[in-house]
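Student: Quick one: sequence and predicted model below, then my questions.
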Amino acid sequence: MAKSKSKNIVKYILVFVTFSFLGWVLEQISNLIFSHPISFEKLSLHYFGIPIPFLPIYGLGGLILMSVSNLMDKSSFLKKEQFPFFRALIQAKVLTLFELFSGILCELVFGFRLWDYSSQPLNFLGYISILSFAVWLFFSFIFEYARKMSGIKY
């Protein structure tokens, strides 16, 4: 029993660290394409004195993605092999809601916005937009595909 718990903890830590780093890479690419300042670097400079290649909010998103996927695996209707579009759609919705709530919370805690989608069409309060939803949908497809191809079970 203790071995399975420690394996789970290691799995969660690896998912968190991997998604935190991949989120940082995504933000760097986004900055090159859209030329917007990355407020996450401002935050890491404020707290650590240096910009770090690690964005914990993406790590939390990875853990949420993993949890939602597990819940769907337990559902008799949403098995991994069935309905990949529907599964990715649910995951993208959950990630978009997480983005909304974490954006509001971060602004309340840190006193400034970490991102702002106000200039994008179909945005809600500048925290989420149809484009950000499309990005989460794309990455949810990749996540599901990678999971299916690798046989990884969370």
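Tutor: That came through fine.

Student: Could you report the pLDDT at Arg87?
Tutor: Looking at Arg87, its pLDDT stands at 86.

Student: For it, which three-state class applies?
Tutor: helix (DSSP: H, G, I helix; E, B strand; the rest coil).

Student: My read is that it contacts Ser69, right?
Tutor: Yes - shown here, Arg87 and Ser69 form a contact pair, counting by C-beta atoms under 8 Å, at 7.4 Å. Quick note: C-beta positions are derived from backbone N, CA and C, even for glycine.

Student: The most centrally placed residue in the chain and Lys7, how far apart?
Tutor: Central residue check for the chain by C-alpha atoms, centre = their mean: the C-alpha nearest the mean position is that of Gly61, 3.3 Å away. Using C-beta to C-beta, to the nearest Å, we find Gly61 at a distance of 22 Å from Lys7.

Student: And Phe139, by the same measure?
Tutor: 26 Å.

Student: Comparing those two, which residue is more hemmed in?
Tutor: When neighbours are counted by other C-beta atoms under 10 Å, Phe139 and Lys7 differ, and Phe139 comes out ahead with 21 against 10.

Student: Look up phi and psi at the more buried one.
Tutor: As for Phe139, its main-chain torsions (degrees, to the nearest 10) stand at phi -70, psi -30.

Student: Next: Asp116.
Tutor: phi -150, psi 110.

Student: before we move on, what about the one 4 residues further on?
Tutor: In terms of degrees, to the nearest 10, the main-chain angles of Gln120 are phi -90, psi 150.
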